[in-house]
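Let's see this in three dimensions:
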Amino acid sequence: MFFLRFSISRRYTNSLAVRLMLLLLLVNVFTTACSADLGGEERGDAPEERRLAAPDTASTRRRAPAEAAAAASLLSNPFVASRSQGNNLSTYFDRINADFTVDADAIENRHKPSLTDTVFTIRFGNSMMEFYAPSQTGELLLQVADIQSSDITLRNNLRVGMGEAELLNRLKTQGDELVITQSSDRIVASVREGAPASLHFHLKNNKVSRIRYEGYVD
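Coordinates of the predicted model:
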């Protein structure tokens, strides 16, 4: 088990030193994860060939249905459209207009206890973003975000401070697969079918005061 934290000033997010720090963080994380995985394999009774042949059912369940591409694309990652760019922490660093910290926590894989995965948490002000990184797939999966300022903008220019009418218009452009429910103090966007994921837009004086994202990671 390990825990790492480093802080980054917005002025230095593009500097070589920060990029090297991030590289060292990732090397440390995945080296630790690989060491734990190898230890688990040595202790296992089943032959290695059999273990490698087992299907990755968790990865299959994470795939969003193709027919709901527009809605699932937004709700699988409301910050980054490109899946490849979304697997890179620096993509999110570049979008934050404030100083922030990054934590890395090692956790036990919920399906295979012998594997060690990582949870990355980015914090800036009262806002946070949490990512799950399975050691076997190399993915970076956004599972929770709580945005309480305009220091970061979501896709389609969704942001804290925007008006209620503009929010509804932008959400409606996502198509029929996006279910929109509305109350006096909140607008919720969710997927009609498939893995559960939702965006909660809290309202105050007819403007968005907070955005909370709840993703699905298995």
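
Wait, Leu168 touches Ile180, no?
Yes. The pair formed by Leu168 and Ile180 meets the contact definition of CB atoms under 8 Å, at 7.3 Å. The C-beta positions use only the backbone N, C-alpha and C, and glycine is treated the same way.

Mind listing the shared neighbours of those two?
By the contact definition CB atoms under 8 Å, 6 or more residues apart in numbering, Leu168 and Ile180 are jointly contacted by Ile187.

got the phi/psi numbers for Leu75?
The phi and psi values for Leu75, taken as degrees, to the nearest 10, are phi -80, psi -20.

shouldn't it be in contact with Ala197?
Yes. Counting by CB under 8 Å, Leu75 does reach Ala197; the two are 4.2 Å apart.

burial count for the closest residue to Thr153 other than its chain neighbours?
Excluding its sequence neighbours, the residue lying closest to Thr153 (CB to CB, 6 or more residues apart in numbering) is Arg159, at 4.5 Å. Number of residues near Arg159 (other CB atoms under 10 Å) recorded here: 17.

same deal with the one 5 residues further on?
For Glu164, the neighbour count with other CB under 10 Å is 15.

so who does it touch?
With CB under 8 Å, 6+ apart, Glu164 has these contacts: 187, 203, 206-208.

swap in Val188?
Residues near Val188 by CB under 8 Å, 6+ apart: 180-182, 198-201.

what's the closest of those residues to His111?
Ser198 (24.0 Å; CB to CB).

on that earlier part again, if I look at the residue nearest to Thr153, how far off is Ser82?
Arg159 sits 20 Å away from Ser82, going by CB to CB, to the nearest Å.

Give me the residue ranges of the protein where confidence is low.
Across the chain, the ranges flagged by pLDDT under 70 are 1-73.

where exactly do the strands run in it?
3-8, 100-108, 116-124, 127-133, 141-147, 178-182, 186-191, 198-204, 207-214 (DSSP state E).

Output those strands in TSV; the columns should cover distance to Thr153.
Formatted as TSV, the strands of the chain follow (distance: least, CB to CB, whole Å):
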stretch	distance to Thr153
strand 3-8	19
strand 100-108	15
strand 116-124	13
strand 127-133	12
strand 141-147	9
strand 178-182	19
strand 186-191	16
strand 198-204	14
strand 207-214	10
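
Quick check: which of those strands is nearest to Gly163?
Nearest to Gly163, of the strands of the chain and by CB to CB, is strand 207-214 at 5.7 Å.

got the contact list for the closest one?
Outside strand 207-214, the residues touching it (CB under 8 Å, 6+ apart) are 78, 142, 144-148, 154, 158-164, 167, 196-203.

how about a cut-off of 7 Å?
When contacts are defined by CB atoms under 7 Å, 6 or more residues apart in numbering, strand 207-214 is touched by residues 78, 144-148, 154, 160-164, 167, 197-203.

ok, back up a step: so which of the contacts of Val188 is surrounded by the most neighbours?
Busiest of the contacts of Val188 [other CB under 10 Å] is Phe201, holding 25 neighbours.

Please name the bridge partners of the residue lying closest to it once chain neighbours are set aside.
Excluding its sequence neighbours, the residue lying closest to Phe201 (CB to CB, 6+ apart) is Ile187, at 4.5 Å. Counting by DSSP bridges, Ile187 forms beta bridges with Gln182, Phe201.

just checking, Ile187 touches Leu167?
Yes. Counting by CB atoms under 7 Å, Leu167 is a contact partner of Ile187 at 6.3 Å.

which of these two has more neighbours?
Set side by side, Ile187 and Leu167 show more neighbours around Leu167, with 24 against 18, by other CB under 10 Å.
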